[in-house]
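Peer 1: A predicted structure for the sequence below; I have some questions about it.
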Number of protein chains: 2
Amino acid sequence: MAKRVTLAEVAAQAGVSPITVSRALRRPDTVQPDTRARIDAAVAALGYVPDPAARALATGRADVIGVLIPSATNAVFTDVLTGLYDELSETRFDLQYGITRYEPATEEKLLGVFLRQRPAGLIVAGIDQTPAARRLLERADCPVVQVMETGPDPVDMMVGFSHHDAAAAATRHLIAQGYRNPGFLGARMDPRTQRRFAGFRAEAEAGGVFDPERCETTPVPSSVGGGAALLRALMTRRPETDAVFCNNDDLAMGALFEAMRMGFPVPERLGICGFNDLEMMHAAEPALTSVRTNRFEMGVRAARMIRARLDGRDPGPALIDLKPQVQARRSTGGPS
Amino acid sequence: MAKRVTLAEVAAQAGVSPITVSRALRRPDTVQPDTRARIDAAVAALGYVPDPAARALATGRADVIGVLIPSATNAVFTDVLTGLYDELSETRFDLQYGITRYEPATEEKLLGVFLRQRPAGLIVAGIDQTPAARRLLERADCPVVQVMETGPDPVDMMVGFSHHDAAAAATRHLIAQGYRNPGFLGARMDPRTQRRFAGFRAEAEAGGVFDPERCETTPVPSSVGGGAALLRALMTRRPETDAVFCNNDDLAMGALFEAMRMGFPVPERLGICGFNDLEMMHAAEPALTSVRTNRFEMGVRAARMIRARLDGRDPGPALIDLKPQVQARRSTGGPS
DNA sequence: CTGAAAGCGCTAACAA
DNA sequence: TTGTTAGCGCTTTCAG
């Protein structure tokens, strides 16, 4: 247990006052080059590392950026994290995560945990905060970025896309490929999922091919096995279904396997489209169509916006729409 | 920006001294019930929340448990996180993550970041720390748990399993099912992967069925697409291969799809076994054999060990071996 | 450009 | 059981 080296010791070693060391460390250009050199040498010699708690207490602000996501096991969110990391790992900021489990109450609670640290910035997934959570965010006194989704009245900044429109685009693709009886597979049915469903529905209705009976959903979380079960239920009840828009890629993968088991050739008898375009989609047989969402990029952008604001630079537009693209692959090649 | 409510204000409101409030909050049983009641009322009335930085500075210890994992996108690690969360979410401890990207140098650096916060505990994945990192851990002055793996001389505590033995068990299963020319598919080839390979090799040699030419590996990270590519390369070079032990489930899934493309019936022409038993494995067609590793449980156990130590309770054995089980499914049903 | 004084909000140690 | 006195290590004024 090497006891902690303090600023004061560094100062003594360098023959200056503590505050000068503090300045040399935080804004090197505000101290004489030779003073700085002596300080740097002392820091290195003593192996000094600042105490984040002391700094936080003195400044009333922690060098922490809090991130609130619904799930740590869903690749959709972890990809955003990776983007954040990439952009923030060489800065003075630490990331701190909170997992909301899709529970608004948990989100509220974690927001409290973060807020009392007075974080440098906050990144939250989605736009479905409770009124209380939203109020907390609005008063947060730090940059806030909502990611994954766009919507009206951002708390502060926003980078995402319209889930409604993305689902509509996928549905349009299905129709354009010649499918006439498209269905919908959905799980968990959280607000984002429901907006995707709304997009599917709107587009299907516009094309005159919507049938509520071809929508199979469940409140349980998505999984490959769940996708298989949903497809079986749907095809059993509505055998005329000739394509499915799956709320995410896990469901789509499960639907593919179940189609195999039921003997439905994909894409001839059944078209399958997923959502998110995880890596596995392109490798499947047949390769699965999906909607590519730019998750990594969202993380990068969110981090940049926060950094810009913290550095007093122009963060650019407060709302960034990273429009997804439909990645058409063989699984929606069209009915035979 | 409601300005921060401090302990002193609560104390004033309750008509006691600050330290009494402090005690009432941390060890309620050390203050008179009626005093405590007054304090609780004041806390509620003012909406007081403690400042973690001030506490950390005063105690020289943060209520943070640091977690170091190689990847935030690999389900293998996020499942452990979920277990940690489950066990820790209702305690005073916050989790803080660091992603090492499989880079020992990054692990070392992040360890430094954590350590200077004087965390309450540390959880690190694996046993392959650099000597410097290991030294840091040994001097950490807090409980340390190595997870995911077991090995000789734990830094402190350990909960995991032998990757060598788990791979050997899977290989044994392949041989018992009648496969005589098993191959190996591996990616990234980090130390854990290499130990799995060693387990495969040892068991295959013991069964007289090992051929180094049937081992296809790549340094790039695992992916479904990568698994497909590896299988194609292997089957092209060594068409006699009748089964593959895949270093993880992504590779196995890719191998399955590639087998379909190449027209190799699974399991008759080619047996496939994965590793980790992700949810998708059981839902595949055919269902894929894998090795079930108890990742969630590892997280739970690690959290419990740390809590026990912090609470001064007996943490139980310092080394917990959560032996994996081979989940035999149709993909290793045996050669025709 | 550098320093002195004061204090961030909390808790350890001791005392009462 | 409760209070007093000092700080934890750093940074903010405000001077020099």
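Peer 2: Happy to help now that I have it.
Peer 1: strands along the stretch 101-250 of chain A, start to end?
Peer 2: A:121-125, A:144-147, A:157-160, A:182-187, A:215-218, A:243-246 (DSSP state E, counting those that start in this stretch).
Peer 1: deepest of the ones you listed, which one?
Peer 2: Compared across those, strand A:243-246 shows the largest average neighbour count, a mean of 32 (mean count of other C-beta atoms under 10 Å in any protein chain shown). C-betas here are computed from N, CA, C, even on glycine.
Peer 1: partners of that strand in the sheet?
Peer 2: Within its sheet, strand A:243-246 is paired with strand A:182-187 (parallel), strand A:271-273 (parallel), according to DSSP bridges.
Peer 1: mind listing what's buried in stretch A:269-276?
Peer 2: Residues of stretch A:269-276 classed as buried: A:269-276 (neighbour count, 16 or more other C-beta atoms under 10 Å in any protein chain shown).
Peer 1: dump the residue contacts of residue A:82.
Peer 2: A:296, A:299, B:72-73, B:99 (C-beta atoms under 8 Å, 6 or more residues apart in numbering or on different chains).
Peer 1: how about the helices in the stretch 101-250 of chain A?
Peer 2: Ranges of helices in the stretch 101-250 of chain A, per DSSP state H, counting those that start in this stretch, are A:104-115, A:131-138, A:163-176, A:191-206, A:224-237, A:249-262.
Peer 1: export those helices to JSON lines and tack on mean neighbour count, mean pLDDT and distance to residue A:289?
Peer 2: Below are the helices of the stretch 101-250 of chain A laid out as JSON lines (neighbours: other C-beta atoms under 10 Å in any protein chain shown; pLDDT from 0 to 100; distance: least, C-beta to C-beta, whole Å):
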{"stretch": "helix A:104-115", "mean neighbour count": "18", "mean pLDDT": "91", "distance to residue A:289": "32"}
{"stretch": "helix A:131-138", "mean neighbour count": "16", "mean pLDDT": "94", "distance to residue A:289": "36"}
{"stretch": "helix A:163-176", "mean neighbour count": "22", "mean pLDDT": "98", "distance to residue A:289": "7"}
{"stretch": "helix A:191-206", "mean neighbour count": "19", "mean pLDDT": "98", "distance to residue A:289": "14"}
{"stretch": "helix A:224-237", "mean neighbour count": "21", "mean pLDDT": "98", "distance to residue A:289": "15"}
{"stretch": "helix A:249-262", "mean neighbour count": "25", "mean pLDDT": "98", "distance to residue A:289": "8"}
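Peer 1: so can I have CSV of those showing distance to residue B:94?
Peer 2: As requested, the helices of the stretch 101-250 of chain A are arranged in CSV below (distance: least, C-beta to C-beta, whole Å):
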stretch, distance to residue B:94
helix A:104-115, 7
helix A:131-138, 18
helix A:163-176, 31
helix A:191-206, 27
helix A:224-237, 32
helix A:249-262, 30
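Peer 1: now these as CSV including distance to DNA strand D?
Peer 2: Shown next, in CSV, are those (distance: least, C-beta to the nearest atom of the strand, whole Å):
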stretch, distance to DNA strand D
helix A:104-115, 19
helix A:131-138, 24
helix A:163-176, 41
helix A:191-206, 39
helix A:224-237, 49
helix A:249-262, 45
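Peer 1: which of the buried residues of stretch A:269-276 sits closest to DNA strand C?
Peer 2: The closest of these to DNA strand C turns out to be residue A:276 (C-beta to the nearest atom of the strand; 42.4 Å).
Peer 1: for the closest one, name its beta-bridge partners.
Peer 2: residue A:292.
Peer 1: report the contact partners of it.
Peer 2: Counting by C-beta under 8 Å, 6+ apart, residue A:276 touches A:75-76, A:248-249, A:290-293, A:295.
Peer 1: tell me the pLDDT of it.
Peer 2: In the predicted model, residue A:276 carries a pLDDT score of 98.
Peer 1: same deal with residue A:5?
Peer 2: Listed pLDDT for residue A:5 reads 88.
Peer 1: how close does it sit to residue A:43?
Peer 2: For residue A:5, the distance to residue A:43 (C-beta to C-beta, to the nearest Å) stands at 9 Å.
Peer 1: same question for residue A:288.
Peer 2: To residue A:43, residue A:288 is 54 Å away according to C-beta to C-beta.
Peer 1: ok, the two, which is more surrounded?
Peer 2: The neighbour comparison of residue A:288 against residue A:43 (other C-beta atoms under 10 Å in any protein chain shown) goes to residue A:288, with 28 against 20.
Peer 1: wouldn't that one be in contact with residue A:250 here?
Peer 2: No - Residue A:288 lies out of contact with residue A:250 (C-beta atoms under 8 Å); the separation is 11.2 Å.
Peer 1: list the contacts of the host helix or strand of residue A:302.
Peer 2: Per DSSP states H and E: residue A:302 is located in helix A:295-310. For helix A:295-310, the external contacting residues (C-beta under 8 Å, 6+ apart) are A:65, A:76-77, A:79-88, A:91, A:93, A:120-121, A:123, A:143, A:145, A:147-148, A:157, A:159-160, A:276, A:313-316, A:320, A:322.
Peer 1: which among those residues end up buried?
Peer 2: Buried members of those, scored by 16+ other C-beta under 10 Å, are A:65, A:76-77, A:79-85, A:87-88, A:93, A:120-121, A:123, A:143, A:145, A:147-148, A:157, A:159-160, A:276, A:315, A:320, A:322.
Peer 1: intersect these with the contacts of DNA strand D.
Peer 2: For DNA strand D, no contacts are drawn from the buried ones among the contacts of helix A:295-310 by C-beta under 7 Å from any atom of the strand.
Peer 1: picking that back up, between the strands paired with strand A:243-246, which gets nearest to residue A:193?
Peer 2: Counting by C-beta to C-beta, residue A:193 lies closest to strand A:182-187 out of the strands paired with strand A:243-246; the figure is 5.5 Å.
Peer 1: quick one, that closest one and helix A:163-176 angle?
Peer 2: If you take axes from the mean of the first three to the mean of the last three C-alpha atoms, to 10 degrees, strand A:182-187 sits at 140 degrees to helix A:163-176.
Peer 1: roughly how far is strand A:182-187 from the heart of the chain?
Peer 2: Distance of strand A:182-187 from its chain centroid, counting by C-alpha atoms, centre = their mean, to the nearest Å, is 23 Å.
Peer 1: just the CA atoms of that strand, as CSV, please.
Peer 2: C-alpha atoms of strand A:182-187 as CSV (Å, rounded to 0.1, in the frame of the first residue of the first chain):
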residue,chain,number,x,y,z
PRO,A,182,-46.5,-9.1,-44.9
GLY,A,183,-46.6,-9.7,-41.2
PHE,A,184,-44.9,-8.3,-38.1
LEU,A,185,-43.0,-10.1,-35.4
GLY,A,186,-42.3,-8.1,-32.2
ALA,A,187,-41.1,-8.8,-28.7
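Peer 1: quick one: contacts of that strand?
Peer 2: Contact with strand A:182-187 is made by A:171, A:174-175, A:193, A:196-197, A:200-201, A:204, A:209, A:211, A:214-223, A:226-227, A:230-231, A:234, A:238, A:241-248, A:251-252, A:255, A:271, as judged by C-beta under 8 Å, 6+ apart.
Peer 1: report pLDDT for the residue of the stretch 201-336 of chain A found nearest DNA strand D.
Peer 2: Going by C-beta to the nearest atom of the strand, DNA strand D is nearest to residue A:310 of the stretch 201-336 of chain A, at 13.2 Å. In this prediction, residue A:310 carries a pLDDT score of 91.
Peer 1: try residue A:219
Peer 2: As predicted, residue A:219 sits at a pLDDT of 98.
Peer 1: what's around it, how many residues?
Peer 2: Using other C-beta under 10 Å, residue A:219 is surrounded by 9 other residues.
Peer 1: I am finished for the moment; much appreciated.
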